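Q: coords please:
(one chain, ligands or ions: 1)
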Amino acid sequence: MSERKKVTLPVLFDKMARGIPLTMITCYDYPMAHLVEQAGIDIVLVGDSLGMTMLGYESTLPVTMSDMLRHAQAVRRGAPNGWLIGDMPYMSYQPSDELAVLNAGRFMAEAACDGIKLEGGQEVVSRVKAIVAAGIPVMGHLGLTPQSVSSLGGFRLQGKSGRQAKKIVDDATALEEAGAMSILLELVPDQVCGLITERAKIPIISLGSGPHAHGQLLIFHDMFGLYPRFTPKMARKFGDAGKVIGDGLKQYVAEVTSRAFPEPERYFGMKEEEFAELRRLVDG
Ligand code: KIV
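A: Residues are numbered from 1 along each chain as shown. Below is the predicted model:
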């Protein structure tokens, strides 16, 4: 098993400065985290998308801090060296700066995260400032922000008009000025992402927002055919783990049914005299 050096903020900024694209992925459990670590991915996001991908909810809104912490702890055990981000779930930061700092601190203290992510622009500036003042790195999240999916009118491209895009550009500036260490742009036009990236002094990460950002993010389950409801256009399937597992399960059912499984090399016997003794003991 190969060991790699811990990814730190200076490592991320150094890569950005040298024009080396940053890699980011969502991750929710120990076995996935182990693979992510082995692949050398820079930034690992324990996204509240786990509500949909792992827990089967229709949206991210029902996800709690307990859900997030349990998964973040497992991911940290599997990916000790990635830059680990805990995603602040719905209502863990919206009510007040104090609650935001307390919950952000839980990701750091209880799951050994390196930072947190929260959704929103100018309206969350005071939350970002409070969390950063507590010494916790913050990644912002603009464009399609799933916790506001109802106000946004669904999972759709954001910032299509010049006026809507200007708001996203202003939000990005506000987050950077508030001390965010990075911003994720989800599903905005590539030109908007390019413009923000050009102006930013912090890493901009694209999820479905084109190639001009400092780095790219994909959702693990979309990449590997593991989300049964749909695969968004922005996600490329890099492998079909869903098919591999599905085929394996069908074969398992067939082989148990036909008694082809288990084969003799999959189980253990005991010495005949010991089994005879067992029979004597059982039969009395
Ligand atoms: O929860 C998540 O995985 C996210 C991504 C959609 C960016 O926030």
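Q: where along the stretch 51-200 of the chain do the strands fall?
A: Taking DSSP state E, counting those that start in this stretch, the strands of the stretch 51-200 of the chain run over residues 83-87, 115-117, 138-143, 182-186.
Q: any chance of these in a markdown table, with mean pLDDT and mean neighbour count too?
A: C-betas here are computed from N, CA, C, even on glycine. Listed next are these as a markdown table, based on pLDDT from 0 to 100; neighbours: other C-beta atoms under 10 Å:
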| stretch | mean pLDDT | mean neighbour count |
| --- | --- | --- |
| strand 83-87 | 98 | 27 |
| strand 115-117 | 98 | 26 |
| strand 138-143 | 98 | 27 |
| strand 182-186 | 98 | 27 |
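Q: adding distance to the ligand, write those strands out as TSV.
A: Below are those laid out as TSV (distance: least, C-beta to the nearest ligand atom, whole Å):
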stretch	distance to the ligand
strand 83-87	5
strand 115-117	6
strand 138-143	6
strand 182-186	5
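Q: out of the ones you listed, nearest to V128?
A: Closest to V128 of those, according to C-beta to C-beta: strand 138-143, at 5.1 Å.
Q: tell me what the closest one is packed against?
A: strand 115-117, helix 125-133, helix 162-178, strand 182-186 (3 or more C-beta pairs under 8 Å, 6 or more residues apart in numbering; DSSP states H and E).
Q: deepest-packed of those, please.
A: Stretch with highest mean neighbour count among those: strand 182-186 (a mean of 27; mean count of other C-beta atoms under 10 Å).
Q: who does it pair up with?
A: Here strand 182-186 has these sheet partners by DSSP bridges: strand 138-143 (parallel), strand 204-207 (parallel).
Q: would CSV of those strands with distance to A17 be doable?
A: Formatted as CSV, these follow (distance: least, C-beta to C-beta, whole Å):
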stretch, distance to A17
strand 138-143, 18
strand 204-207, 13
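Q: who wins for proximity to W83 among those?
A: Taking the strands paired with strand 182-186 one by one with C-beta to C-beta, strand 138-143 is closest: 9.7 Å.
Q: what does that closest one rub up against?
A: Strand 138-143 has contacts (C-beta atoms under 8 Å, 6 or more residues apart in numbering) with 85, 104, 115-121, 124, 128, 131-132, 158-159, 168, 171-172, 175, 179-188, 205, 209.
Q: hey, C-alpha coordinates of it in PDB?
A: Extracted in PDB, the C-alpha atoms of strand 138-143 (Å, rounded to 0.1, in the frame of the first residue of the first chain):
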ATOM      1  CA  VAL A 138     -14.000  27.400   4.500                       C
ATOM      2  CA  MET A 139     -14.800  26.400   0.900                       C
ATOM      3  CA  GLY A 140     -17.700  28.400  -0.600                       C
ATOM      4  CA  HIS A 141     -20.300  26.900  -2.900                       C
ATOM      5  CA  LEU A 142     -22.100  28.900  -5.600                       C
ATOM      6  CA  GLY A 143     -24.300  28.300  -8.700                       C
END
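Q: adjust the sequence numbering to begin at 17 for everything that follows.
A: Understood, numbering begins at 17; the last thing we discussed is strand 154-159.
Q: what angle do it and strand 99-103 make?
A: Computed by axes from the mean of the first three to the mean of the last three C-alpha atoms, to 10 degrees, the angle separating strand 154-159 from strand 99-103 equals 60 degrees.
Q: can you give me the distance of the closest residue to G156 other than its chain neighbours to the ligand?
A: Spatial nearest neighbour of G156, excluding adjacent residues (C-beta to C-beta, 6 or more residues apart in numbering): L191 at 3.8 Å. Applying C-beta to the nearest ligand atom, to the nearest Å, one obtains 15 Å for the distance of L191 from the ligand.
Q: list the contacts for L191?
A: By C-beta under 8 Å, 6+ apart, the contact set of L191 is 137, 140-141, 144, 156, 158, 199.
Q: does the helix or strand of the chain with the lowest mean pLDDT reach the ligand?
A: Lowest mean confidence among the helices and strands of the chain (mean pLDDT, DSSP states H and E): helix 165-168, at a mean of 89. No: with C-beta under 6 Å from any ligand atom as the criterion, the ligand is not reached by helix 165-168; the gap is at least 10.8 Å.
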